[in-house]
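> dropping a prediction and its sequence here:
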Amino acid sequence: MPAEQTTNKEIIEVLDKGFVKLVDFMGGDIRAVSAARVSFGGTSKGEERDKMLIKYLMENKHLSPFEHCYFQFHIKCPIFVARQWMRHRIASYNEISARYTEVKDEFYFPKAFRIQDMSNRQGSVESDKLDNKALSEIYEEAIEHSYQAYQKLLKAGVAREMARGLLPVAQYTQFYWTINLRSLLNFISLRADSHAQYEIRVYAEAIKEIVKQKMPWSFAAFEALQENKNK
């Protein structure tokens with residue numbers, strides 16, 4: 001588990017101020033089995049045969065039975081993470097609005113900066129060549145100034161929907177996310193991958209822990225499939 005992540009049952013703290021919280025869950029491994037067997041008018045045939053069915057469904061991409069299992073999460077993450085997250089469109093989102101509420105002084109401060117990956121233009125890599133102390137001071141000063149300016153605009157009577165325009169994407173946001181297991185496993189396969197940005201990858205890893213707890217058979221079959229792909 002990543003160093004910046006701690007587990008407390010179904011609430012997992014992520015990064016410096018974020019979290020993943022399971023709000024609601026519907027279904028389970030047996031629900032997926034029942035959805036698959038209904039095609040033949042059947043139900044559960046015992047643990048071992050049910051596990052074999054789930055493994056078969058995963059391996060052969062018969063994934064519609066997993067759409068009958070739903071997870072609802074409460075997410076708190078930096079805005080730049082949320083914007084990557086919401087590219088996963090087969091799900092339902094409701095996000096806090098900075099038009100209706102005043103933005104809190106909550107921003108993401110990385111523990112260390114990374115350099116641009118020269119072999120992957122959209123990625124980054126760790127480096128010991130950066131002066132993280134000096135860079136952190138620049139970063140923190142910019143955020144502090146933007147939030148102070150935001151507060152000044154509000155006190156001058158500017159509408160929240162306009163004042164928010166000068167805030168950085170390091171600002172924390174919160175949203176509810178409801179998604180079926182099929183789409184959730186697709187999210188995990190992409191965002192828990194080593195090529196994904198670190199800041200969203202740790203959220204995907206947190207979600208993996210919850211899925212593993214709630215649907216152990218299905219997740220084990222998915223994980224085995226992922227491992228075989230990477231060999």
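Here it is on my side, so go on.

> may I see the buried residues of the one helix or strand K51 maps to?
Using DSSP states H and E, K51 sits within helix 47-59. For helix 47-59, burial by neighbour count (16 or more other CB atoms under 10 Å) applies to D50, K51, L53, I54, K55, L57, M58. No exception for glycine: its C-beta is placed from N, CA and C like everyone else's.

> could you check the pLDDT of the second one?
According to the per-residue confidence, K51 scores 96 in pLDDT.

> I figured it hits W217, correct?
Yes: the pair K51 and W217 passes the contact test of CB atoms under 8 Å, sitting 5.2 Å apart.

> so where do the strands sit in this protein?
Per DSSP state E, the chain carries strands over the ranges 6-8, 11-14, 18-26, 70-78, 92-95, 115-116, 124-125, 172-180.

> and those: which comes nearest I138?
I138 sits nearest to strand 115-116 of all these, at 15.4 Å, using CB to CB.

> just checking, what packs against that closest one?
Other elements packing on strand 115-116 under the criterion 3 or more CB pairs under 8 Å, 6 or more residues apart in numbering; DSSP states H and E are strand 124-125.

> give the other helices and strands that the strand it packs on contacts.
Applying 3+ CB pairs under 8 Å, 6+ apart, one finds that strand 124-125 contacts strand 115-116.

> so where is the protein shaky, pLDDT-wise?
Residue ranges of the chain with pLDDT under 70: 1-9, 41-42, 121, 231.

> where do the helices sit along it?
Under the criterion DSSP state H, the chain contains helices at 29-37, 47-59, 79-85, 132-155, 160-163, 181-191, 198-214, 216-229.

> could you export the ones you listed to a markdown table, including columns for distance to V125?
A markdown table is the format used below for those (distance: least, CB to CB, whole Å):
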| stretch | distance to V125 |
| --- | --- |
| helix 29-37 | 38 |
| helix 47-59 | 32 |
| helix 79-85 | 18 |
| helix 132-155 | 14 |
| helix 160-163 | 36 |
| helix 181-191 | 18 |
| helix 198-214 | 10 |
| helix 216-229 | 23 |
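
> show me what contacts the closest residue to Y139 other than its chain neighbours?
Nearest residue to Y139, sequence neighbours excluded (CB to CB, 6 or more residues apart in numbering): F109, at 7.1 Å. By CB atoms under 8 Å, 6 or more residues apart in numbering, the contact list for F109 reads D16, S136, Y139, E140, I143, A170.

> any idea which of those is the one closest to A204?
D16 (17.5 Å).

> and the closest one, how far is that from I200?
From D16 over to I200 the distance is 15 Å, taken as CB to CB, to the nearest Å.

> higher neighbour count, those two?
Using other CB atoms under 10 Å as the criterion, D16 and I200 rank with I200 on top: 22 against 14.

> was I right to think that one contacts Q84?
Yes: assessed by CB under 8 Å, I200 is found in contact with Q84 at 5.3 Å.

> which neighbours do those two have in common?
Common neighbours of I200 and Q84 (CB under 8 Å, 6+ apart) are R191.

> list the buried ones in stretch 104-124?
Result for stretch 104-124 [16+ other CB under 10 Å]: buried residues E106, F107, Y108, P110.

> and the furthest pair within those?
Farthest apart among those - using CB to CB - are E106 and P110, which lie 14.6 Å from each other.

> closest one of the buried residues of helix 47-59 to H68?
Closest to H68, out of all of those and judged by CB to CB, is L57, at 12.0 Å.

> can I assume that closest one is in contact with E67?
No: L57 is not in contact with E67 according to CB under 8 Å; the separation is 11.5 Å.

> that concludes my questions; thank you for your assistance.
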